[in-house]
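**Q** heads up, no residue letters with this:
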Ligand code: ADP
Ligand code: MG
């Protein structure tokens, strides 16, 4: 409470120096009766269940009586200074904290009056004016004290209310923040810290644009939101926002106008719900649906195409032999025919490759689990590919951890997955390079890392590689990695990819190990 507020309150009560004199004159009376007054006061007060409940303990009541006696004697000092005000506010707060309703506070003063007035009348029996003035002065002081106690009640009530609001905002699972009229961030709750990675002290005062990806800014989204708010006072939309690490967070946003008590706009409040998980589920469902369609379709397609293809391949060989015979007679025509045949052959091979990619899905039954060694599966598979590596100038390095626990899996499908990754790696290194296959123990089981020194990919590509049909190759199907992902998922594992243009690509697969090898000692 400021000194002007204090003076104002005293002035309002009209507490004059004369009143102070009257109070001082009461001192001998107070000294004489103070013990009896306090006893009578508490007797009356404790007759009510609510107060009796609070003041059950005899020693507490005795302590309070002593405090009250000091208080009443202090009144007859007539010093209503800073310290006096502070003490009364503090005592009001204490009453509020123990849960005594403010009405008891006022009723208490009523009891004092009933006790004091007859005493004062008797004390100044010969001078009724003097008695009257003392009673009025006492009333003014009691009113002052009651008003200060009320202040304490109101202040702590408001404080509690604010604290409640603050904890609601802070504990909300949704991001909640406020913007001022210049679109600068003015509040930031815990969910906001979690979702965006900025701590409150780092982001307060910063412009909202910091949370908006540049591509979204460019499309004028903030302006559209402003227009909606100008028209309707609020705005809801689904969009993406930018986290501190540059990641995009899909969010559901609702923005509303913030107004002061006079209804003037002072900024915006924003509530953002992180819908990453929902989006992921939607995408997973979409992917599963697509893969199922591909599976069904390719089973038919492959069947229709594969047989004719085989016979075409066979016939190409036969025609080749015929041409060699004819070449002895007409060399020029034979050259021409050979080149045509080569081009037919390469197209057929291409169709075969595509058919194989589709067929992988068609053939994908539920994995047949067996106890297998990942290391063995890899070294065996790789050994059959030597000629391919030699032809493409790819050097293979393996680093297989020999204490690798066994896993439960379908060896055929797992090799199929590895093969897809290896093929991609070879295709990413048209001028040769190094392919590294590494196995290791990890907390969740075993890991398999397949790294190449090829052309790598952009962040945008990396985000899409597991989508069916995503391919950057002229004759790619974009079905290799979706298959890998499917196999890994069926085995309860995870796959991730690290890559940068010009810096090669690394795929990391983690698979759970077979049940009993979890506790097996490292050999
Ligand atoms: P496809 O090989 O038929 O294109 P995939 O699903 O196997 O289909 O791969 C999808 C895309 O992912 C490729 O087209 C390529 O852009 C990218 N990719 C996959 N593996 C690598 C790699 N090791 N290096 C660079 N890019 C890769
Ligand atoms: Mg591929």
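**A** That came through fine. The structure displayed is predicted, hence computed values, not measured ones. Ligands and ions are numbered 1, 2, ... in the order given.
**Q** dump the residue contacts of the most centrally placed residue in the chain.
**A** Geometric centre of the chain, nearest residue: residue 195, 3.5 Å, by CA atoms, centre = their mean. By CB atoms under 8 Å, 6 or more residues apart in numbering, the residues touching residue 195 are 175, 243, 249, 272, 274. Yep, even glycine has a C-beta here, placed from its N, CA and C like the rest.
**Q** find the helix or strand that residue 289 is a member of.
**A** helix 276-327 (DSSP states H and E).
**Q** SS state for the residue nearest to the centre of the chain?
**A** helix (DSSP: H, G, I helix; E, B strand; the rest coil).
**Q** distance check, it against residue 214.
**A** Noted for residue 195: a distance of 19 Å to residue 214, by CB to CB, to the nearest Å.
**Q** do the same with residue 59
**A** To residue 214, residue 59 is 70 Å away according to CB to CB.
**Q** what count of nearby residues applies to the residue in the stretch 101-250 of the chain that ligand 1 sits nearest to?
**A** Taking CB to the nearest ligand atom, ligand 1 has its nearest neighbour within the stretch 101-250 of the chain at residue 248, 20.0 Å off. Close neighbours of residue 248, defined as other CB atoms under 10 Å, add up to 15.
**Q** and if you look at residue 459?
**A** By other CB under 10 Å, the residues close to residue 459 number 10.
**Q** same check on residue 401?
**A** Neighbours of residue 401 using other CB under 10 Å come to 14.
**Q** phi first, then psi, for it.
**A** Dihedral angles of residue 401 (phi, psi; degrees, to the nearest 10) stand at phi -70, psi 120.
**Q** distance of the nearest residue to residue 468 once chain neighbours are set aside from residue 130?
**A** Closest residue in space to residue 468, ignoring its immediate chain neighbours: residue 482 at 4.7 Å, by CB to CB, 6 or more residues apart in numbering. Counting by CB to CB, the gap between residue 482 and residue 130 amounts to 101 Å.
**Q** and those two? Which one has more around it.
**A** When neighbours are counted by other CB under 10 Å, residue 482 and residue 130 differ, and residue 482 comes out ahead with 24 against 14.
**Q** show me the contacts for the more buried one.
**A** 287, 291, 466-468.
**Q** what do you get if the cut-off is 10 Å, keeping everything else the same?
**A** Listed by CB atoms under 10 Å, 6 or more residues apart in numbering, the contact set of residue 482 reads 287, 290-291, 294, 357, 360-361, 420, 465-470.
**Q** near ligand 1 at all, the helix or strand hosting it?
**A** Element membership of residue 482, judged by DSSP H and E, is helix 480-490. Yes - Helix 480-490 comes into contact with ligand 1 (CB under 6 Å from any ligand atom), by way of 480-481.
**Q** now the angle between helix 276-327 and that helix, please.
**A** With axes from the mean of the first three to the mean of the last three CA atoms, to 10 degrees defining the directions, helix 480-490 sits at 130 degrees from helix 276-327.
**Q** just the buried residues of helix 480-490, please?
**A** By 16 or more other CB atoms under 10 Å, the buried positions in helix 480-490 come out as 480-488, 490.
**Q** with stretch 344-358 instead?
**A** Under the neighbour-count criterion of 16+ other CB under 10 Å, stretch 344-358 has 345, 348, 352, 354-355, 357-358 buried.
**Q** quick one, what contacts the closest residue to ligand 1 within the stretch 251-400 of the chain?
**A** Residue nearest to ligand 1 within the stretch 251-400 of the chain: residue 357 (6.5 Å; CB to the nearest ligand atom). Each residue near residue 357 by CB under 10 Å, 6+ apart is listed here: 294, 298, 302, 420, 423, 471, 476-480, 482-483.
**Q** so how far is residue 240 from residue 188?
**A** Distance, residue 188 to residue 240, using CB to CB: 19 Å.
**Q** and residue 275, by the same measure?
**A** Computed as CB to CB, the residue 275 to residue 240 distance reads 10 Å.
**Q** thinking again about what came up before, who's the residue of the stretch 101-250 of the chain closest to ligand 1 bridged to?
**A** residue 242 (DSSP bridges).
**Q** so who does it touch?
**A** Here residue 248 is in contact with 213, 215-216, 239-242, 276, 463 (criterion: CB under 10 Å, 6+ apart).
**Q** and the pLDDT for the residue of the chain found nearest ligand 2?
**A** Proximity to ligand 2, evaluated over the chain using CB to the ion, is greatest for residue 480 at 2.8 Å. pLDDT, residue 480: 93.
**Q** which parts of the stretch 101-250 of the chain are helices?
**A** For the stretch 101-250 of the chain, applying DSSP state H, counting those that start in this stretch gives helices covering 102-123, 128-171, 190-196, 200-203, 214-218, 221-232.
**Q** so what does the fourth one touch, helix or strand wise?
**A** Think helix 200-203. strand 185-188, helix 190-196 (3 or more CB pairs under 10 Å, 6 or more residues apart in numbering; DSSP states H and E).
**Q** low pLDDT regions in the stretch 51-200 of the chain?
**A** Across the stretch 51-200 of the chain, nothing is flagged by pLDDT under 70.
**Q** which parts of it sit against ligand 2?
**A** Proximity of the stretch 51-200 of the chain to ligand 2 (CB under 5 Å from the ion) involves no residue at all.
**Q** what comes into contact with stretch 315-322?
**A** Under the criterion CB under 10 Å, 6+ apart, residues 334, 337-338, 340-342, 344-345, 348-349 lie in contact with stretch 315-322.
**Q** columns secondary structure on top of these, output as CSV?
**A** Formatted as CSV, those follow (three-state DSSP):
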residue, secondary structure
334, helix
337, helix
338, helix
340, helix
341, helix
342, helix
344, helix
345, helix
348, helix
349, helix
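**Q** look at residue 275 and residue 240 and report which has more neighbours.
**A** residue 240 (19 against 16).
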